[in-house]
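Colleague: need a 3D model of the sequence below.
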Amino acid sequence: MLLDDSLRGVQLVEKADGPIVDVGSGGGVPGIPLAVSLPGRDVTLLEANARKCEFLRRWAPPNAAVVNGRAEEQENDRFGVAVAKALAPPPVTAEWCLPLVRLGGVAVLWVGPTAEPERVAAAARRLNAELEPAPAGFLVLRKTGTTPPGFPRRPGVARKRPLA
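Modeller: A predicted model of the protein is given here:
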(Lines give C-alpha, C1' and ligand atoms only; values in the text may rest on other atoms or scores of the structure.)
Protein backbone atom coordinates (compact mmCIF):
# COMPACT_ATOMS: atom_id res chain seq x y z
CA MET A 1 0.00 0.00 0.00
CA LEU A 2 2.74 2.51 0.93
CA LEU A 3 4.66 1.69 -2.23
CA ASP A 4 1.59 2.00 -4.47
CA ASP A 5 0.64 5.28 -2.82
CA SER A 6 4.16 6.66 -3.30
CA LEU A 7 4.25 5.63 -6.95
CA ARG A 8 0.95 7.42 -7.64
CA GLY A 9 2.92 10.66 -7.34
CA VAL A 10 5.64 9.87 -9.90
CA GLN A 11 3.83 11.60 -12.76
CA LEU A 12 3.32 14.76 -10.69
CA VAL A 13 6.96 14.85 -9.61
CA GLU A 14 8.45 14.17 -13.03
CA LYS A 15 6.58 17.16 -14.52
CA ALA A 16 8.92 19.52 -12.63
CA ASP A 17 12.66 19.76 -13.28
CA GLY A 18 15.49 19.71 -10.80
CA PRO A 19 16.42 17.84 -7.65
CA ILE A 20 13.78 16.43 -5.34
CA VAL A 21 13.58 16.71 -1.55
CA ASP A 22 11.40 14.43 0.58
CA VAL A 23 10.69 16.55 3.66
CA GLY A 24 10.28 14.49 6.81
CA SER A 25 11.26 11.32 5.01
CA GLY A 26 10.73 9.09 8.07
CA GLY A 27 10.57 5.52 6.78
CA GLY A 28 11.51 6.60 3.27
CA VAL A 29 8.15 7.11 1.61
CA PRO A 30 7.57 8.64 -0.80
CA GLY A 31 11.26 9.53 -1.29
CA ILE A 32 12.83 6.10 -1.81
CA PRO A 33 10.19 4.81 -4.28
CA LEU A 34 10.47 8.12 -6.18
CA ALA A 35 14.28 7.84 -6.30
CA VAL A 36 14.06 4.28 -7.65
CA SER A 37 11.41 5.30 -10.21
CA LEU A 38 13.37 8.39 -11.33
CA PRO A 39 17.01 7.18 -11.37
CA GLY A 40 18.19 10.24 -13.32
CA ARG A 41 17.04 12.64 -10.60
CA ASP A 42 18.88 13.57 -7.41
CA VAL A 43 16.75 12.98 -4.34
CA THR A 44 17.41 14.29 -0.83
CA LEU A 45 15.77 12.43 2.04
CA LEU A 46 15.46 15.13 4.72
CA GLU A 47 14.78 13.79 8.20
CA ALA A 48 15.18 15.43 11.62
CA ASN A 49 15.44 12.15 13.57
CA ALA A 50 18.99 10.73 13.53
CA ARG A 51 17.82 7.16 14.14
CA LYS A 52 15.52 7.31 11.13
CA CYS A 53 18.41 8.73 9.08
CA GLU A 54 20.45 5.60 9.84
CA PHE A 55 17.62 3.46 8.50
CA LEU A 56 17.33 5.65 5.40
CA ARG A 57 21.07 5.41 4.69
CA ARG A 58 20.81 1.62 4.60
CA TRP A 59 18.00 1.62 2.04
CA ALA A 60 18.60 4.74 -0.05
CA PRO A 61 19.38 4.08 -3.73
CA PRO A 62 22.52 5.63 -5.27
CA ASN A 63 20.72 8.78 -6.46
CA ALA A 64 19.41 9.55 -2.95
CA ALA A 65 21.30 11.40 -0.21
CA VAL A 66 20.17 11.42 3.42
CA VAL A 67 20.33 14.72 5.32
CA ASN A 68 19.76 14.84 9.07
CA GLY A 69 18.06 18.19 9.61
CA ARG A 70 14.88 20.24 9.67
CA ALA A 71 13.23 22.00 6.74
CA GLU A 72 13.48 25.33 8.55
CA GLU A 73 17.29 25.00 8.66
CA GLN A 74 17.88 24.23 4.97
CA GLU A 75 18.93 26.54 2.16
CA ASN A 76 15.97 28.15 0.37
CA ASP A 77 15.31 27.84 -3.38
CA ARG A 78 17.48 24.75 -3.81
CA PHE A 79 15.09 22.12 -5.17
CA GLY A 80 12.81 21.75 -8.16
CA VAL A 81 10.35 19.62 -6.22
CA ALA A 82 9.56 19.14 -2.53
CA VAL A 83 7.39 16.17 -1.54
CA ALA A 84 5.83 15.29 1.79
CA LYS A 85 3.49 12.64 3.09
CA ALA A 86 2.00 12.42 6.60
CA LEU A 87 4.29 15.16 7.88
CA ALA A 88 1.94 17.72 9.46
CA PRO A 89 -1.37 19.42 8.66
CA PRO A 90 -1.20 20.51 4.99
CA PRO A 91 -0.88 24.29 5.63
CA VAL A 92 2.09 23.60 7.93
CA THR A 93 3.62 21.18 5.43
CA ALA A 94 3.26 23.81 2.71
CA GLU A 95 5.17 26.31 4.86
CA TRP A 96 8.00 23.83 5.40
CA CYS A 97 8.21 22.73 1.75
CA LEU A 98 7.70 25.86 -0.36
CA PRO A 99 10.77 27.83 0.82
CA LEU A 100 12.95 24.90 -0.27
CA VAL A 101 11.61 25.04 -3.83
CA ARG A 102 13.06 27.33 -6.49
CA LEU A 103 10.90 29.72 -8.51
CA GLY A 104 8.64 27.73 -10.86
CA GLY A 105 9.11 24.53 -8.86
CA VAL A 106 6.41 22.62 -7.03
CA ALA A 107 5.56 21.15 -3.67
CA VAL A 108 3.62 17.89 -4.00
CA LEU A 109 1.73 16.95 -0.85
CA TRP A 110 0.11 13.56 -0.29
CA VAL A 111 -3.10 14.39 1.63
CA GLY A 112 -6.06 12.59 3.11
CA PRO A 113 -9.77 13.21 2.64
CA THR A 114 -9.93 15.77 5.46
CA ALA A 115 -7.41 18.13 3.83
CA GLU A 116 -8.86 21.59 3.30
CA PRO A 117 -7.54 22.86 -0.05
CA GLU A 118 -8.77 26.41 0.60
CA ARG A 119 -6.65 26.64 3.78
CA VAL A 120 -3.61 25.29 1.95
CA ALA A 121 -4.21 27.75 -0.92
CA ALA A 122 -4.33 30.63 1.59
CA ALA A 123 -1.02 29.53 3.14
CA ALA A 124 0.49 29.08 -0.33
CA ARG A 125 -0.49 32.63 -1.36
CA ARG A 126 1.39 34.02 1.67
CA LEU A 127 4.46 32.10 0.43
CA ASN A 128 4.11 33.24 -3.21
CA ALA A 129 2.68 29.99 -4.54
CA GLU A 130 -0.60 28.83 -5.99
CA LEU A 131 -2.62 25.65 -5.81
CA GLU A 132 -2.76 23.75 -9.11
CA PRO A 133 -5.27 21.11 -10.20
CA ALA A 134 -4.23 17.65 -8.98
CA PRO A 135 -5.65 14.15 -8.68
CA ALA A 136 -7.50 13.14 -5.52
CA GLY A 137 -5.13 12.53 -2.65
CA PHE A 138 -2.65 15.22 -3.72
CA LEU A 139 -2.16 18.96 -3.47
CA VAL A 140 0.28 20.56 -5.90
CA LEU A 141 1.61 24.04 -5.09
CA ARG A 142 3.57 25.94 -7.75
CA LYS A 143 6.01 28.59 -6.52
CA THR A 144 5.28 31.82 -8.41
CA GLY A 145 7.56 34.27 -6.58
CA THR A 146 10.46 34.43 -4.20
CA THR A 147 9.96 33.33 -0.62
CA PRO A 148 8.99 36.37 1.47
CA PRO A 149 11.40 37.55 4.18
CA GLY A 150 10.91 35.76 7.49
CA PHE A 151 10.19 32.35 5.94
CA PRO A 152 10.71 29.73 6.88
CA ARG A 153 9.93 30.68 10.43
CA ARG A 154 11.90 29.27 13.38
CA PRO A 155 11.47 25.56 14.19
CA GLY A 156 8.15 24.92 15.91
CA VAL A 157 6.48 28.20 14.94
CA ALA A 158 4.61 26.90 11.86
CA ARG A 159 2.99 24.11 13.85
CA LYS A 160 2.03 26.45 16.73
CA ARG A 161 0.77 29.28 14.50
CA PRO A 162 -0.17 27.95 11.03
CA LEU A 163 -0.49 30.50 8.21
CA ALA A 164 -4.06 29.42 7.51
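Colleague: regarding stretch 17-33, how distant is the last residue from the first?
Modeller: Stretch 17-33 has an end-to-end distance of 18 Å (criterion: Cα to Cα, to the nearest Å).
Colleague: mind listing what's buried along that stretch?
Modeller: For stretch 17-33, burial by neighbour count (16 or more other Cβ atoms under 10 Å) applies to 18-26, 28-33. (C-beta placed from N, C-alpha, C; glycine too.)
Colleague: just the ones of those in strands?
Modeller: Among the buried residues of stretch 17-33, the ones falling in strands (DSSP state E) are 20-23.
Colleague: closest to S6 out of these?
Modeller: D22 (9.6 Å; Cβ to Cβ).
Colleague: got the contact list for the nearest residue to the closest one once chain neighbours are set aside?
Modeller: Closest residue to D22 apart from its sequence neighbours, by Cβ to Cβ, 6 or more residues apart in numbering: G31 at 2.9 Å. The contact partners of G31, by Cβ atoms under 8 Å, 6 or more residues apart in numbering, come to 20, 22, 25, 43, 45, 64, 83.
Colleague: then I32?
Modeller: Neighbouring residues of I32 by Cβ under 8 Å, 6+ apart: 6, 45, 56, 59-61, 64.
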